[in-house]
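Trainee: how would this look folded up:
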Amino acid sequence: MTWGNPPKLEPTKPKQGKIIQPEDLAGDSESSQQKALFAWAALSVGKYSALAFMFAIPNGGLRDMRTAVNLKAEGVKSGVPDIFLPCPIHTEWATQYAGLFIEMKLEKYRNRKNGGCSEEQIEFINNAISLGYYCKVCYNWIEARDILIKYLEFKI
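Mentor: Coordinates of the predicted model:
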């Protein structure tokens with residue numbers, strides 16, 4: 001039995017997909033607002049290169065007990081904001097901020113006690129501010145985007 005030669009493989013061009021816009025992701029959940037912010041950051045890294053270092057901190061969300069125990073053992077802490085930009089802001093005089101923390105909340109929490117932040121979040125934010133970090137609670141991805149731009153353009 002002979003198999004013969006296999007057919008010649010022709011390379012295919014990659015499909016040109018639609019670029020996901022932040023507005024496409026922004027929905028009614030904190031998660032969707034955060035996804036929209038990171039989509040904007042991915043599109044804006046050419047203008048603001050420090051955005052390549054921004055990352056999410058997985059503290060919230062529903063988890064099964066085993067995962068929660070593992071994360072706690074790995075060092076996950078209550079109260080840590082959702083997003084961190086490890087980019088200090090320097091002026092010619094001094095370091096202005098050591099980095100930027102953003103806590104994302106839904107709009108419906110804006111007028112609640114502590115802006116919807118837990119006591120652990122308030123404590124962490126106050127401690128981070130005392131250590132030289134800039135911290136902001138944002139109620140949608142656009143507010144977070146605007147804070148990032150102001151921070152990176154030294155307009156805070």
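
Trainee: need the pLDDT of residue 140.
Mentor: In this prediction, residue 140 carries a pLDDT score of 97.

Trainee: actually residue 3, sorry about that
Mentor: 66.

Trainee: and if you look at residue 77?
Mentor: For residue 77, the predicted pLDDT is 88.

Trainee: skipping adjacent residues, who's closest to it in space?
Mentor: residue 59 (7.0 Å; C-beta to C-beta, 6 or more residues apart in numbering). No exception for glycine: its C-beta is placed from N, CA and C like everyone else's.

Trainee: what's near enough to touch that neighbour?
Mentor: 76-80, 82 (C-beta atoms under 8 Å, 6 or more residues apart in numbering).

Trainee: name the helix or strand for it, please.
Mentor: If you go by DSSP states H and E, residue 59 is not part of any helix or strand.

Trainee: how much space between it and residue 98?
Mentor: As judged by C-beta to C-beta, to the nearest Å, residue 59 and residue 98 stand 20 Å apart.

Trainee: then residue 77?
Mentor: 18 Å.

Trainee: same drill for those two, tell me which one is more crowded.
Mentor: Neighbours were counted for residue 77 and for residue 98 using other C-beta atoms under 10 Å; residue 98 has more, 14 against 11.

Trainee: OK, contacts around that one?
Mentor: Residues near residue 98 by C-beta under 8 Å, 6+ apart: 88, 131-133.

Trainee: circling back: quick check: the gap between the residue nearest to residue 77 and residue 125.
Mentor: Distance, residue 59 to residue 125, using C-beta to C-beta: 13 Å.

Trainee: make sure residue 82 is actually in contact with residue 34.
Mentor: Yes - contact criterion C-beta atoms under 8 Å: residue 82 and residue 34 qualify, at 6.3 Å.

Trainee: who touches both of these two?
Mentor: Residues touching both residue 82 and residue 34 (C-beta under 8 Å, 6+ apart): 56, 104.

Trainee: please identify which of these two sits among more neighbours.
Mentor: Taking other C-beta under 10 Å, residue 82 and residue 34 do not tie; residue 82 has more neighbours (23 against 20).

Trainee: got the contact list for that one?
Mentor: Counting by C-beta under 8 Å, 6+ apart, residue 82 makes contact with 30, 34, 56-57, 59-60, 102-104.

Trainee: out of these, grab the one that's most surrounded.
Mentor: residue 103 (26 neighbours).

Trainee: name the element that residue belongs to?
Mentor: Per DSSP H and E, residue 103 falls inside strand 100-104.
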